[in-house]
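Asks: Show me the folded form of this:
(chains A and B)
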Protein chains: 2
Amino acid sequence: MSIQGNAVVAQSGGPTAVINNSVCGVVQEWLKGEPPGKLYGALFGIRGVLEENLLDLGRQPSHIIEGLRYTPGAALGSSRYRLAKEEDFARLLEAFKKHNIRYFFYIGGNDSMDTADKINRFADGVDYEIRVIGIPKTIDNDLPGTDHTPGYGSAAKFLAATVSETGLDLKGLVTSNRIVVLEAMGRNAGWLTAAAALAKREECDAPHLIYLPEVTFDRERFLKEVAGIYREYRFAYIVASEGIRYGDGRYVFAGGEKDPFGHVRLGGLADTLKELIEAELGVNVRGISLGTLQRSAAHFASRTDADEAYAVGAAAVQAALRGETDVMITLLRDETAGFYRCFTGTAPLSDVANVEKKVPAEWIAPTGSYLEDAFLRYAHPLIDGQVSPVFRNGLPDFVHLQNFDLPKLRRRLDRDVAGVIK
Amino acid sequence: MSIQGNAVVAQSGGPTAVINNSVCGVVQEWLKGEPPGKLYGALFGIRGVLEENLLDLGRQPSHIIEGLRYTPGAALGSSRYRLAKEEDFARLLEAFKKHNIRYFFYIGGNDSMDTADKINRFADGVDYEIRVIGIPKTIDNDLPGTDHTPGYGSAAKFLAATVSETGLDLKGLVTSNRIVVLEAMGRNAGWLTAAAALAKREECDAPHLIYLPEVTFDRERFLKEVAGIYREYRFAYIVASEGIRYGDGRYVFAGGEKDPFGHVRLGGLADTLKELIEAELGVNVRGISLGTLQRSAAHFASRTDADEAYAVGAAAVQAALRGETDVMITLLRDETAGFYRCFTGTAPLSDVANVEKKVPAEWIAPTGSYLEDAFLRYAHPLIDGQVSPVFRNGLPDFVHLQNFDLPKLRRRLDRDVAGVIK
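Replies: I've put the predicted structure just below:
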């Protein structure tokens, strides 16, 4: 059922703490037995194919491939480049033909699944035989058709641990600091923000209030809720998604810039809410913004998540070799088991492309500012277990792929350099 | 040599990831054999004595005391309250007499050692026999008379891991993000900022530039250095201390507020440098500010640090019982051993009070924007080993002391409530 030819694996969009597990799964599964060809890694996402920056992953030492299992960041390099122009598709086809690429594994989120779907349709239209498999990845957990998305569990685990730890810090120093506002990533789906609820063990533990983009933000209600918690505990720990909006659709915080997909760049919400609370309630607030830590804290990755990220990579190779194309690998929770178990499955790319799965309304508390136990039951297994990286000198000994040399690649990257160094 | 009477242990200033190890060391050492009296924990630092909020630590379950070994935040509560007024000392003496306190263990940094010294001198002046022992704690590592300070190793380890991980995130997404500026805590001493250097394994790894408060910040040189790195690698990872200043003494960033010790509240430097680089070099910058994560990330604490924090607590009890007073416990590195080993010692409180130990000039690179290997040799052992917390549902199962009940304490805390809830 397999066709002779080579394969390309590429990483797209923002990395996760476990995204390289999927590369590892693809590589180790592909190299089993008699692969139908070589396996290339495209450097910096789809651009690596367009620019023919391909790395023969079969030639990487096995300890480096194995080290991908605990190394964060996109080991192959990632990109937010949007395939849109006619020429891009023509150029892609040319590169596929030149290198006899018959398998394309694309690790990414919503936008990437759309790209993968378009590539498949374009190849179909020109009668070029290629099997395109999407491998899900996003800390946002917003891909449909799958119980959850690899990358989410580790981000959720780190976020929850951070809320728990900085919550204890706040509680122990409540004589100086009063209120913490932690800003979590998540534009339209509040999965990661919701994960903060996993931190609470006792009634007065952090977090006290959680604001998701699924719920319209009401300034007055917010202030009333914060004041209520503060009055009760003499401290308050608030977690809010960067993507929360007012009733008229405006982001509570929005910078001016847009990314290549036309999305407004977010970030800075913690400061906005800090100013609001300080001005209206007169209480000292500390803002915390986790930035890229949320998607790169591999030192505290979820073992469950890391293993599943590996599994979807391996499953992608199996699906392609048995003849599937135009699908994304999914995770299906076995609801009949008395314990947590997931199988891999597939869903048509067109079904998942550009669709965002949100936190169901029934998992959000009636107040709109906390989560129900149903969410906790869903999320708990996803953060279970710890990854054990190899350590050297007290730190995880992360790996770099051989011949992934940024200075040498810089001439090619230069076309994309927006800034001008004076 | 021990005198009959009770003891108090108190925590002061900002917590660390391992500060409760010192409480655990004090409690477990005190309860060995036949203690000369009860051991109380003062709730919220010295205020707990002034307000007679004392917790009998001998009555806490042993699993909770043991759980302090991996629980962050100040388990007893901490405070930045400054003992200054005559009445404070008189009130303190009254409380000491009422509860027959003959041993006072004060876990803190520079300001706290000064307070401990003053308490000792005051008691001396009124002929009240009490043994006052300082237990060092600060992520800043700026206490003199000790090789290093418990709390530093864990903060350094978390910071270095974060630089390493977010550095890989940046490198893998260099097509979108260009430059990261990470802001580290540290007002006058750059020890924690310097720890970022522990992250670098290969030449082009993060961090590339490190700015300490020990070195005068020069705007033009900074921009030139950043541009140079960026030109070479097409990305740049910069770590800077919140306390860096211009030649005229102004902080590069300074908010208006002051804390009770008269220090300007810092924070926001990452944004300042982001704006500077974007304006002058035209390159997209991401700022990261770790906030209280630096001092609370117990999930990734250094085993060496945690064990030493325990050891200085236990050593404080031993020193007090053998008759010492007015000293701080120190860590003395065995320079003759071919491996890393520290003993505990003591230093007079007056020698350490209000003195800040800075990063030696010879450990800073001649450029002023990196560290020499001598620093790495000093710091490496301090981040070695991992603490293994008890886990529950995928997260560390942190403990709370019994009867440490914030809502119940709130009436007493209310006198300190600065804000007014409308």
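
Asks: shaky segments in chain A?
Replies: Residue ranges of chain A with pLDDT under 70: A:177, A:254-267, A:405-422.

Asks: Let me see the domain layout of it.
Replies: Domain assignment of chain A by automatic domain parsing yields the ranges A:6-151+A:300-355+A:385-410, A:155-298.

Asks: So is the first one next to chain B?
Replies: Think domain A:6-151+A:300-355+A:385-410. Yes: using CB under 8 Å from any CB of the partner chain, domain A:6-151+A:300-355+A:385-410 reaches chain B at A:11, A:14-15, A:17, A:44-45, A:47, A:71-81, A:300, A:302, A:385-386, A:391-398, A:400, A:406-407, A:409-410. In short, each C-beta sits where N, CA and C put it, glycine included.

Asks: likewise stretch A:356-373?
Replies: No: taking CB under 8 Å from any CB as the criterion, stretch A:356-373 and chain B are apart, separated by no less than 12.8 Å.

Asks: Show me what counts as buried in that stretch.
Replies: Neighbour-count burial for stretch A:356-373 flags A:Lys357, A:Lys358, A:Val359, A:Trp363, A:Ile364, A:Gly368, A:Ser369, A:Tyr370, A:Leu371, A:Glu372 (criterion: 16 or more other CB atoms under 10 Å in any protein chain shown).

Asks: Over to stretch A:144-161?
Replies: Buried residues in stretch A:144-161 (16+ other CB under 10 Å): A:144-161.

Asks: hmm, back to that, in ChimeraX, how would I select the buried members of the residues of domain A:6-151+A:300-355+A:385-410 next to chain B?
Replies: Of those, the buried ones can be selected in ChimeraX as follows, counting by 16+ other CB under 10 Å:
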select /A:11,14,15,17,44,45,47,71,72,73,74,75,76,77,78,79,80,81,300,302,385,386,394,395,396,398,400,406,409,410
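
Asks: Sort out for me which of the residues of domain A:6-151+A:300-355+A:385-410 next to chain B are in strands.
Replies: A:Gln11, A:Phe391, A:Arg392, A:Leu395, A:Pro396 (DSSP state E).

Asks: quick one, what contacts the closest residue to the second one other than its chain neighbours?
Replies: Which is A:Phe391. Nearest non-adjacent residue to A:Phe391, counting by CB to CB, 6 or more residues apart in numbering or on different chains: A:Asp397, 6.3 Å away. The contact partners of A:Asp397, taken as CB atoms under 8 Å, 6 or more residues apart in numbering or on different chains, are A:Gly67, A:Pro389, A:Val390, A:Phe391, B:Arg201.

Asks: Could you measure from the last one over to chain A?
Replies: Here the criterion is CB to the nearest CB, to the nearest Å. By it, B:Arg201 lies 8 Å from chain A.

Asks: got the CA positions of the longest helix along chain A in PDB?
Replies: For chain A, the longest helix by residue count, based on DSSP state H, is helix A:152-172. The C-alpha atoms that make up helix A:152-172 are tabulated as PDB, following Å, rounded to 0.1, in the frame of the first residue of the first chain:
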ATOM      1  CA  TYR A 152      -1.900  21.200  25.800                       C
ATOM      2  CA  GLY A 153      -1.200  18.900  28.700                       C
ATOM      3  CA  SER A 154       2.300  20.100  29.300                       C
ATOM      4  CA  ALA A 155       1.300  23.800  29.000                       C
ATOM      5  CA  ALA A 156      -1.600  23.100  31.400                       C
ATOM      6  CA  LYS A 157       0.600  21.300  33.900                       C
ATOM      7  CA  PHE A 158       3.200  24.100  33.900                       C
ATOM      8  CA  LEU A 159       0.500  26.800  34.200                       C
ATOM      9  CA  ALA A 160      -1.300  25.000  37.000                       C
ATOM     10  CA  ALA A 161       2.000  24.400  38.900                       C
ATOM     11  CA  THR A 162       2.900  28.100  38.500                       C
ATOM     12  CA  VAL A 163      -0.500  29.200  39.800                       C
ATOM     13  CA  SER A 164      -0.100  26.900  42.700                       C
ATOM     14  CA  GLU A 165       3.400  28.200  43.500                       C
ATOM     15  CA  THR A 166       2.900  31.900  42.900                       C
ATOM     16  CA  GLY A 167      -0.400  31.500  44.800                       C
ATOM     17  CA  LEU A 168       1.500  30.200  47.900                       C
ATOM     18  CA  ASP A 169       4.000  33.100  47.400                       C
ATOM     19  CA  LEU A 170       1.200  35.600  47.400                       C
ATOM     20  CA  LYS A 171      -0.600  34.000  50.400                       C
ATOM     21  CA  GLY A 172       2.700  34.000  52.400                       C
END
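
Asks: Which neighbouring elements make contact with that helix?
Replies: strand A:179-184, helix A:191-194, strand A:236-241, strand A:285-289, helix A:293-296, helix A:303-321, helix B:293-296, strand B:395-396 (3 or more CB pairs under 8 Å, 6 or more residues apart in numbering or on different chains; DSSP states H and E).

Asks: and these as JSON lines, adding distance to B:Tyr233?
Replies: Listed next are the helices and strands packed on helix A:152-172 as JSON lines, based on distance: least, CB to CB, whole Å:
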{"stretch": "strand A:179-184", "distance to B:Tyr233": "29"}
{"stretch": "helix A:191-194", "distance to B:Tyr233": "30"}
{"stretch": "strand A:236-241", "distance to B:Tyr233": "33"}
{"stretch": "strand A:285-289", "distance to B:Tyr233": "26"}
{"stretch": "helix A:293-296", "distance to B:Tyr233": "18"}
{"stretch": "helix A:303-321", "distance to B:Tyr233": "28"}
{"stretch": "helix B:293-296", "distance to B:Tyr233": "26"}
{"stretch": "strand B:395-396", "distance to B:Tyr233": "36"}
